[in-house]
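Participant: This is a predicted model, with the sequence first.
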Amino acid sequence: MATQTQTAEATASAEAGVLAGQIRVSVPERSLRSDLRAVSIVWRRELIRFRRDKLRAITSLIQPLLFLLVLGTGLSSLARGSMPAGVSFKAFIFPGVLAMSVLFTAIFSAASIVWDREFGFLREMLVAPVSRSAIVTGKILGGATIATFQGIVMLALAGLADVPYNPVLMITLVGELLLLAFTLTAFGVMMAARITQFQAFMALTQMLVMPLFFLSGALYPLTGLPAWLSVLTRIDPLTYVVGPMRHAVFSHLNLSPIAQHVLSPGITWGGWVVPLWLSLGFVATMGLIMTTIAVVAFSKTE
Amino acid sequence: MAAHTGPGAGAGGTVVRDGAVVGDRAGSSGTDGAASRPGSGPADSLTRPRNGSEIPPTIKVSGLTKSYGEIEAVRGIDFEVRAGETFGFLGPNGAGKSTTIKILCTLAKPTSGEAWVAGHDVRTERDAVRRNIGLVFQDTTLDNYLTGAQNLRFHAELYGVPAAAVAPRMRQVLEMVDLWERRDSLVMTYSGGMQRRLEIARGLLHAPHVLFLDEPTVGLDPQTRSSIWEYINDLKTREDITIFLTTHYMDEAEHCDRIAIIDHGQIVAIDTPEALKASVGKDRVQIHTDNDAAAIEELASAFGIEAAVHDGAVTFSVSSGEQFVPQLFARLTVPIRTVSVSRPSLDDVFMSYTGTTIRDAEASGSDAMRQMAARFRGRH
């Protein structure tokens, strides 16, 4: 292989210490391998930057913790009458709180693209001889990894919400968090492709985050709602992850089938119960569509 | 476009032979496609003709234009940059320098015309061009939250530098710009000059054929500027590289082997700095007087000299400054406070080709920008 000979030469000349000529460096033709390398480094950069920013990691956990511990505890007494025996209100809102921690982190990670544009680093990525889809994919996977990690930190507090540390349950929830994180980051990156000002991006996402959370059924069951609210909850993509997560939690709580049905009735479309796979598949499809839109938006040249 | 995918460097068109241009630059656009392309294929980036008698130009541009809506940023330019040359674009802000660089770097598409970089068409072979060029932009494109080494590592991975070559090459370029010791510090702790040096090192990391420097010293203090130039001049001796740079500093254009003077999107002159200065052939005299308007009038009536106020002084050109000054004192009635005579500089070259100094051109240029902005605001 020609590359191997060159790199061997490169090492040899560096070891020699005397750099008479230049080290033979060749930039190979674009290939799937080079694109994967690009995905990997863009992803790694997100992780390095996240590791440096401990303040952000801590602050983004505060809001979900407030919901779980303060709101969850405070409303427990009120909700006690309507909850089946042995189920706490905190366990009921726990899936929603997990989703919330992912929501904040994912959107904020996507904001880093707007930030990169402002500080010029985006240009460094966009002039490289790699496909734009590699860069967008790396960015989305990086944001999704960080958001999932934040979700896992909240998941570690399952005990506080009276949710058992069952391995199957934990793995299921992590998988669902990862899916949610991917779709939300893709959504953020898609927005960041168009919105070039940091202030505007933050204002817009702030405006969207709370409605997404409140309409997802994170704090209340999706049955018996007035028609307008019922419709809105079905439009919210977060609903389609919170539903399956709640289903997973309650199927590990030793509840009677009736109690389980009351608390986690599933998502219905005009009376038809949406199966779990379709619910999650719907979220994954949305994520892929938004990724595609983001790639197209970043591929434009003046 | 069959001609552009033709065989490797061949006869005809414009070629460089032992440093001299053979062939007609302006009239060669018909056949140059095939001639200016070196052999294609993966071996391309490895083989660089060193001793060949016919080396195709590293950059070739013909009839290039770029419009943004109604604004014509580049209005039909032609030029060539030879292998190993340091070629400068000199002109005021807004003359079309950055737009040209953007096109050559495949960041913008030309409205019309053709451009080849390292033998690849910027319109159709975007990735091939990108593999062969290094870029240092006017504004910083570093990640301040990463260390210097991490910024370089990112670049190496993105450009697919072979894994075993990454570490030695990183060390080499970092040592070249004296940043090896600071490689593990966050970029946000670097000074402006260090950041620019890191960008130059990064631009060289993947051993490009051409290094583009867009205003490499803008925003730096004079001392840092000259040290950046030491690094650039030094790298020319170490790397087998062609440098294309833009600047609006006259003194920096002196570092170039050849310069093109660009004004209002057109190239008005192109040659070595020495030849351009010689072409002016006149000394520049600047006088401060008590009454500039009267002095200009007297210069016209007594000597038949056209003078104008530039940079706050009455300025005009004469064939021999030393001989003219005594006459000036003898015949001018307006009191003269100071006199300065200077040999032709690139300032004079710029003035003789464009009729204005670069600083005046920038002042009026920014006026034009303001007017344009006002017009846009009015429209929306």
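Facilitator: That came through fine. Numbers count the residues shown, from 1 in each chain, chains lettered A, B, ... in the order given.

Participant: And the average pLDDT for stretch B:112-126 is what?
Facilitator: In this model, stretch B:112-126 has a mean pLDDT of 94.

Participant: Quick one: name whatever helix or strand follows the biggest helix by length in chain A.
Facilitator: Secondary structure of chain A read by DSSP state H shows that its longest helix is helix A:89-118. Next helix or strand after helix A:89-118 toward the C-terminus (DSSP states H and E): helix A:121-126.

Participant: other SSEs contacting that following helix?
Facilitator: helix A:89-118, helix A:132-155, helix B:148-158 (3 or more Cβ pairs under 8 Å, 6 or more residues apart in numbering or on different chains; DSSP states H and E). C-beta coordinates here come from the backbone N, C-alpha and C atoms, glycine included.

Participant: would you turn those into CSV with mean neighbour count?
Facilitator: As requested, the helices and strands packed on helix A:121-126 are arranged in CSV below (neighbours: other Cβ atoms under 10 Å in any protein chain shown):
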stretch, mean neighbour count
helix A:89-118, 25
helix A:132-155, 24
helix B:148-158, 23
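
Participant: Flag every residue of the stretch 51-200 of chain A that's near chain B.
Facilitator: For the stretch 51-200 of chain A, the contact set with chain B under Cβ under 8 Å from any Cβ of the partner chain comprises A:52-53, A:116, A:119-121, A:123-130.

Participant: make it 10 Å
Facilitator: By Cβ under 10 Å from any Cβ of the partner chain, the part of the stretch 51-200 of chain A that sits against chain B consists of A:52-53, A:112, A:115-116, A:119-131, A:134-135, A:138.

Participant: Pull out the buried members of these.
Facilitator: Neighbour-count burial (16 or more other Cβ atoms under 10 Å in any protein chain shown) applied to those gives A:112, A:116, A:119-131, A:134-135, A:138.

Participant: my guess is B:Gly321 contacts B:Arg343, does it?
Facilitator: Yes. Contact criterion Cβ atoms under 10 Å: B:Gly321 and B:Arg343 qualify, at 8.2 Å.

Participant: Identify the contacts common to those two.
Facilitator: B:282-284 (Cβ atoms under 10 Å, 6 or more residues apart in numbering or on different chains).

Participant: now, which of these sits nearest chain A?
Facilitator: Set against chain A, the nearest of these by Cβ to the nearest Cβ is B:Arg284 (38.9 Å).

Participant: hang on, that closest one in a strand?
Facilitator: Yes. The assignment for B:Arg284 is a strand, going by DSSP: H, G, I helix; E, B strand; the rest coil.

Participant: quick one, phi/psi of the closest residue to chain A within the stretch 201-350 of chain B?
Facilitator: As assessed by Cβ to the nearest Cβ, chain A sits closest to B:Ala207 within the stretch 201-350 of chain B, at 3.9 Å. Main-chain torsions, B:Ala207, degrees, to the nearest 10: phi 50, psi 60.

Participant: State the distance from it to B:Gly134.
Facilitator: Taking Cβ to Cβ, to the nearest Å as the measure, B:Ala207 and B:Gly134 are separated by 8 Å.

Participant: How far does stretch A:126-134 sit from its chain's centre?
Facilitator: Centroid separation for stretch A:126-134 versus its chain: 23 Å, with Cα atoms, centre = their mean, to the nearest Å.

Participant: And that stretch, end to end?
Facilitator: 10 Å (Cα to Cα, to the nearest Å).

Participant: can you tell me the average pLDDT over it?
Facilitator: Averaging the model's pLDDT scores along stretch A:126-134 yields 91.

Participant: now do stretch B:82-101
Facilitator: 90.

Participant: What's the end-to-end length of that stretch?
Facilitator: 16 Å.

Participant: So which bits of it are buried?
Facilitator: Residues of stretch B:82-101 classed as buried by neighbour count (16+ other Cβ under 10 Å): B:82-92, B:94-101.

Participant: quick one: which of the residues you listed sit in strands?
Facilitator: Members of these lying in strands (criterion: DSSP state E): B:86-90.

Participant: just curious, which of the residues you listed is nearest to chain A?
Facilitator: Using Cβ to the nearest Cβ, those come closest to chain A at B:Thr86, 17.4 Å.

Participant: Which residue comes closest to the most centrally placed residue in chain A once chain neighbours are left out?
Facilitator: For chain A, A:Ala181 is the residue whose C-alpha lies nearest the centre (Cα atoms, centre = their mean; 1.3 Å). Leaving aside its chain neighbours, A:Ala181 sits nearest to A:Ala147 (3.7 Å; criterion: Cβ to Cβ, 6 or more residues apart in numbering or on different chains).

Participant: just checking, that neighbour touches A:Thr185?
Facilitator: Yes. Counting by Cβ under 10 Å, A:Ala147 touches A:Thr185, with 6.4 Å between them.

Participant: Around chain A, which positions in the stretch 1-150 of chain B sit nearby?
Facilitator: B:41-46, B:66, B:68, B:99, B:102-103, B:105-109, B:126-135, B:137-147, B:150.

Participant: What's the PyMOL syntax to select whichever of those are buried?
Facilitator: Those of the residues of the stretch 1-150 of chain B next to chain A that count as buried under 16+ other Cβ under 10 Å are selected in PyMOL with:
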select buried, chain B and resi 44+45+66+99+102+103+105+106+107+108+126+127+128+129+130+131+132+133+134+135+137+138+140+141+142+143+145+146+147+150
